[in-house]
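Chemist: sequence first, predicted coordinates after that:
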Amino acid sequence: MAIIEISTLQKSFGSNEVLKNISFEVNKNEVVAVIGASGSGKSTMLRSIVHLEKVDGGSIQIDGQNLVKDGHYPKIKTIKEITAKTGMVFQHFNLFPHLSVKENLEIAPKLVKKTTKEELDKRSRDILQKVGLSDKLHAQPGSLSGGQKQRVAIARALMMDPDILLFDEPTSALDPEVTGEVLKVMRDLAEENMTMIVVTHEMGFAREVADRVVFMDGGEIIESGRPEEFFTNPQHARTKAFLSKNLN
Ligand SMILES: Nc1ncnc2c1ncn2[C@@H]1O[C@H](COP(=O)(O)OP(=O)(O)OP(=O)(O)O)[C@@H](O)[C@H]1O
């Protein structure tokens with residue numbers, strides 16, 4: 001069953017047409033890896049799903065509700081309700097630097113959910129344990145490694161109990177030696193059947209963890225398929241050219 005339905009999405013920045021009639025669906029519990037060259041529109045597509053970008057045309061339905069229909073948006077209250085169940089993890093973590101890990105985790109649920117202090121405390125401890133950072137509850141982000149910061153960012157997204165998690169190049173800003181610890185947390189989430197869209201340059205992750213790979217080029221979806229077919233027998237010349245440059 002599709003939990004995200006995107007159809008004929010269009011977006012331009014001035015004269016730069018960044019999304020050209022993008023259509024695709026994500027099923028509940030599916031992990032979709034989105035790959036493609038820099039500037040192909042991957043981030044813009046992801047950001048549109050959480051309303052960090054406003055599209056010019058097309059539709060996005062999340063769990064049966066229209067975030068945007070034929071380029072028209074509902075009122076902001078409805079938009080907030082629709083996007084509330086989608087969490088996002090960014091390349092550069094976007095933690096609040098002046099707040100502790102615990103405060104970073106609790107700030108959003110404190111504002112929007114009716115939760116007691118005790119429940120929040122238990123939840124932040126449980127989720128930090130899940131990402132392997134129990135000992136960092138009271139740390140400041142500045143004292144953490146990049147891999148630890150990104151795991152805190154994932155924990156923060158999980159605090160809102162999302163149905164869908166979007167990752168925008170979550171390991172691209174990390175040193176190679178800490179990339180694995182973040183990918184492991186993402187693998188664990190995939191195994192727990194979290195619905196995920198992951199924009200990534202990590203071909204190993206796309207090949208091994210994703211249920212489906214989507215290749216974008218020049219604002220279009222060129223090809224998508226199950227990883228075993230996509231990587232061994234790409235159909236499109238542009239996919240072949242991209243893979244020959246990016247697979248090692
Ligand atoms: N806020 C913005 N204002 C103007 N142009 C933008 C903006 N955001 C993105 N763009 C442009 O849109 C195009 C697509 O960018 P986008 O970040 O979506 O691509 P991407 O595939 O995610 O690339 P990367 O891997 O480099 O992040 C690029 O040409 C970029 O310069």
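Modeler: Thanks, I have it. Numbering: from 1, shown residues only.
Chemist: if I look at the residue sitting nearest the centre point of the chain, how far off is Leu183?
Modeler: Centroid check for the chain by CA atoms, centre = their mean gives Leu166 as the closest residue, at 1.6 Å. As judged by CB to CB, to the nearest Å, Leu166 and Leu183 stand 16 Å apart. No exception for glycine: its C-beta is placed from N, CA and C like everyone else's.
Chemist: try His138
Modeler: For His138 relative to Leu183 (CB to CB), the value is 26 Å.
Chemist: of the two, which one has the most company?
Modeler: Between His138 and Leu183, counted using other CB atoms under 10 Å, Leu183 has the larger neighbour count: 21 against 9.
Chemist: so that one sits in a helix?
Modeler: Yes: under DSSP: H, G, I helix; E, B strand; the rest coil, Leu183 falls within a helix.
Chemist: from the ligand, how far out is it?
Modeler: Per CB to the nearest ligand atom, to the nearest Å, Leu183 is found 18 Å from the ligand.
Chemist: Thr171 is in contact with that residue, correct?
Modeler: Yes: between Leu183 and Thr171 there is a contact at 6.5 Å, judged by CB atoms under 8 Å.
Chemist: farthest from the middle of the chain: give me that residue.
Modeler: The chain, farthest from centre, CA atoms, centre = their mean: Glu118 at 29.1 Å.
Chemist: where's that residue, which helix or strand?
Modeler: Using DSSP states H and E, Glu118 falls within helix 117-130.
Chemist: got the angle for whichever helix or strand comes after that helix vs helix 117-130?
Modeler: Scanning forward in sequence from helix 117-130 by DSSP H and E, the next helix or strand is helix 146-158. Counting by axes from the mean of the first three to the mean of the last three CA atoms, to 10 degrees, helix 146-158 lies at 140 degrees to helix 117-130.
Chemist: helices or strands next to helix 146-158 in the packing?
Modeler: Using 3 or more CB pairs under 8 Å, 6 or more residues apart in numbering; DSSP states H and E, the elements in contact with helix 146-158 are strand 86-89, helix 101-112, helix 117-130, strand 164-168, helix 176-191.
Chemist: using JSON lines, lay out the ones you listed together with mean pLDDT.
Modeler: Output for those, formatted as JSON lines (pLDDT from 0 to 100):
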{"stretch": "strand 86-89", "mean pLDDT": "97"}
{"stretch": "helix 101-112", "mean pLDDT": "93"}
{"stretch": "helix 117-130", "mean pLDDT": "96"}
{"stretch": "strand 164-168", "mean pLDDT": "98"}
{"stretch": "helix 176-191", "mean pLDDT": "94"}
